Each structure stands twice: as C-alpha cells, then as structure tokens.
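S.K.: Okay, sequence plus prediction incoming.
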Amino acid sequence: MGGARKPKRDASGGGASSGGAPAMLAELAERDATGDVARIYGEIRELCAVPYVSSMQRHLATRPGWLPWAWAAVRPAFLDGSAQEAAWRAAGPVDAPPLPRLSESALRVLGVDADAEQSIRATSESFVRVSPTNLMFSGLLRRLLSGERPGGRGRAGVAPPWTPPPALPALPALVDPAAMTPVQRAVLMELGTEVGGRPFVPGLYRMLAHWPAYLAHVATLLRPRFDDPVTVASCRTVLARIDAEVPSVFARLPAPPSSPPAPPPEEHADVLAALDRYRGTSPQMIVLGALIRDALPPPRAA
C-alpha cells in the first residue's frame, strides 16, 4: 500500500492496550497517512463533505493494498456524486422514538458549555452525513468482492460536474480509551461492539467522550435502544433503503482499473467480515446520531 505507515495505536488510530484498555481494531490515523493513502483520505473528506475519514476506511488502510484498490474501483461514483446522492436520499428521515430533549441548563450541568454544544451538534450531524456514504462504499465493495464486475460509463460527460455540499466544521479529536479513567472507559465500552475479534467503538462516541458526564447521559439513554424493537427496525429500514440503491450505482461504475492490483482472494473473507460489522454500526450512526442531534436545545438564531 503506497504511502501507508504501520498503524499507531493512539487517539486517532484506536488500539492502545496500556492501562487496562482493550486492544482496539487497527486503524491508520489521518495524521499518520502519507502518499497515496493521504491523497485518498483527502478525496474522501472532500467528496463526502465531512472533516474526517471514517474508521472503515482507516481500517482498510492498515491492510496492504486494500484502500487504494477499493477507492480506485468505487471513486467514479463518488466523483460524480451518484453514490453520495443516492445514499443521502435513501437514508431519509429517521423513524425512531426521540430522546428527551436537554435544556441548556442541563447541558451545562453535564459539563457542556456553549462551544461544546455546537461541537456536539456538528459531530452528530457529521455521522448522520457520512454513515450513508459508508454503507454505499461498503455495498459497492461487497459486490466487487463477490466477483461482480460493472461495465458502465458513470455520469461523466452526461451530467454537469458535481459539487459536494459545504463541509461541516472541524470535529473534536477521537479520545484514546487508554487515556480515560477506568470508569469513563467502562461507560465508553458500553457503546462498543466487536470487529474481527477486537473491541470497536464508533467514532461518534469517542468524540463525545471529551465530555464524560454527557457521554454517561447518552450511554444511559442509548444502550436500551440497541435492543429496542422500534429503533432496531428503524436501523434495518435505513439499511434496506440504502442497499436498494447500491445495484443501480454499481451498474454505472466503469470496470475497475488494473492498477492498483486487487488484494489476494484469501484476504477477502476477513475484509467482508469487517464490512458486515460496519453494516450494523453505520445504520445506528444514522439513527442514533440523529436522535442525539435532535435532543440538543434548538440552535440559536444567527
């Protein structure tokens, strides 16, 4: 994989095992990316109009050759906007019971000042925006790994050049679980899952961990939603709607380029297993991210 360094297990990469913290799923932090991987990270941020690269791509970047090959294959659908537009349209409104709305006073008691409130709003909105495109990315990649080969021509020359929406503001850094106190880390891990036999905590919660009391409040409200039939059904509906858009986007993709070469087949099953786990967390990020955002006080008028 051109330009990639050995992943560091730190605040952005995930995975320190010191201090009793579990060894997290390997990721290549954005600040550690160089060469082709740094270029790809930049394109993903620009085309998805978000200020960070998701853990799915950061994990693929730790596997030699995977991210350059996958991005080269699906990039045309992101370059012309067809992937993002289809994903955002399919994500649609969230149909799940809302969380209790917090007052400004309650937020302040939870350690969230006015600036932090805006940061939390941008963070939740960012995950609502990027998670549909992650599901589209993984859906296209899953078809390639199953042996399907598209033969379309994309929208190049057919539609005007596509312009991404304005990017969201910069977000808080990911909190390293190893840097948290044991009780704070225990709260964070309540919101985690497992990928490839290693603990995985979605970036949304690792960013909210900057405000431990607020994260504890969120964890208390959200943890029951993981098993709530209505919320689970809402996540499944979002996933099904985006899945339904994948075939048409895939059919318009041109044939994958011969360079960079495809990773060896013996690695496909492991990557497919990781993608399957993201298919569980990404719909949650759409639904639960929207619930977190909407539970904040109404935005102040400009």
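M.R.: Perfect, thanks for sending it.

S.K.: Only C-alpha atoms, please: export stretch 256-272 in CSV.
M.R.: Taking Å, rounded to 0.1, in the frame of the first residue of the first chain, the C-alpha atoms of stretch 256-272 are listed here in CSV:
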residue,chain,number,x,y,z
PRO,A,256,-12.2,-1.5,-12.1
PRO,A,257,-8.7,-0.4,-13.2
SER,A,258,-6.0,-2.9,-13.4
SER,A,259,-3.7,-0.8,-11.2
PRO,A,260,-3.5,-0.9,-8.2
PRO,A,261,-3.9,-4.7,-8.3
ALA,A,262,-6.7,-6.4,-6.3
PRO,A,263,-5.7,-7.9,-3.0
PRO,A,264,-5.3,-11.7,-2.8
PRO,A,265,-8.5,-13.7,-2.6
GLU,A,266,-7.5,-15.3,0.7
GLU,A,267,-7.9,-11.9,2.4
HIS,A,268,-11.4,-11.3,1.1
ALA,A,269,-13.3,-13.2,3.7
ASP,A,270,-11.7,-11.3,6.6
VAL,A,271,-12.5,-7.9,5.0
LEU,A,272,-16.1,-9.0,4.2
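
S.K.: can you pull the buried residues of that stretch?
M.R.: 256, 260, 262, 263, 271 (16 or more other C-beta atoms under 10 Å). Just so you know, the C-beta spots here come from the backbone N, C-alpha and C atoms, and that holds for glycine as well.

S.K.: now, which of those sits nearest residue 219?
M.R.: Closest approach between the buried residues of stretch 256-272 and residue 219, by C-beta to C-beta: residue 271, at 29.8 Å.

S.K.: pretty sure residue 49 contacts residue 169?
M.R.: No. In this structure, residue 49 is not within contact of residue 169 by C-beta atoms under 8 Å, at 11.5 Å.

S.K.: what about these two, which has more around it?
M.R.: residue 49 (18 against 13; other C-beta atoms under 10 Å).

S.K.: Show me the shaky parts of the stretch 51-200 of the chain.
M.R.: Residues of the stretch 51-200 of the chain meeting the criterion pLDDT under 70: 154-160, 195-196.

S.K.: on that earlier part again, just the buried residues of stretch 256-272: which are in helices?
M.R.: Using DSSP state H, the members of these that fall in helices are residue 271.

S.K.: from the buried residues of stretch 256-272, which is closest to residue 124?
M.R.: residue 271 (28.3 Å).

S.K.: In contact with that closest one, which residues?
M.R.: When contacts are counted by C-beta atoms under 8 Å, 6 or more residues apart in numbering, residue 271 touches 60, 63, 66, 145, 263.

S.K.: Let's have those residues in JSON lines, adding distance to residue 242 and secondary structure.
M.R.: Listed next are the contacts of residue 271 as JSON lines, based on distance: C-beta to C-beta, whole Å; DSSP: H, G, I helix; E, B strand; the rest coil:
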{"residue": "60", "distance to residue 242": "19", "secondary structure": "helix"}
{"residue": "63", "distance to residue 242": "24", "secondary structure": "coil"}
{"residue": "66", "distance to residue 242": "22", "secondary structure": "helix"}
{"residue": "145", "distance to residue 242": "18", "secondary structure": "helix"}
{"residue": "263", "distance to residue 242": "25", "secondary structure": "coil"}
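
S.K.: from those residues, which two are the most distant?
M.R.: Farthest pair in the contacts of residue 271, by C-beta to C-beta: 63 and 145, 12.7 Å.

S.K.: how about the helices of the protein, start to end?
M.R.: Counting by DSSP H, one finds helices in the chain at the ranges 35-48, 55-60, 66-79, 82-91, 104-109, 114-145, 182-189, 203-208, 212-222, 229-252, 268-294.

S.K.: picking that back up, between the buried residues of stretch 256-272, which is closest to residue 25?
M.R.: Using C-beta to C-beta, the shortest approach to residue 25 within these belongs to residue 271, at 12.7 Å.

S.K.: What pLDDT does the model give that closest one?
M.R.: With respect to pLDDT, residue 271 has a value of 93.

S.K.: what about it, distance to residue 144?
M.R.: 11 Å (C-beta to C-beta, to the nearest Å).

S.K.: again with residue 56
M.R.: Remark: distance between residue 56 and residue 144 (C-beta to C-beta) = 15 Å.
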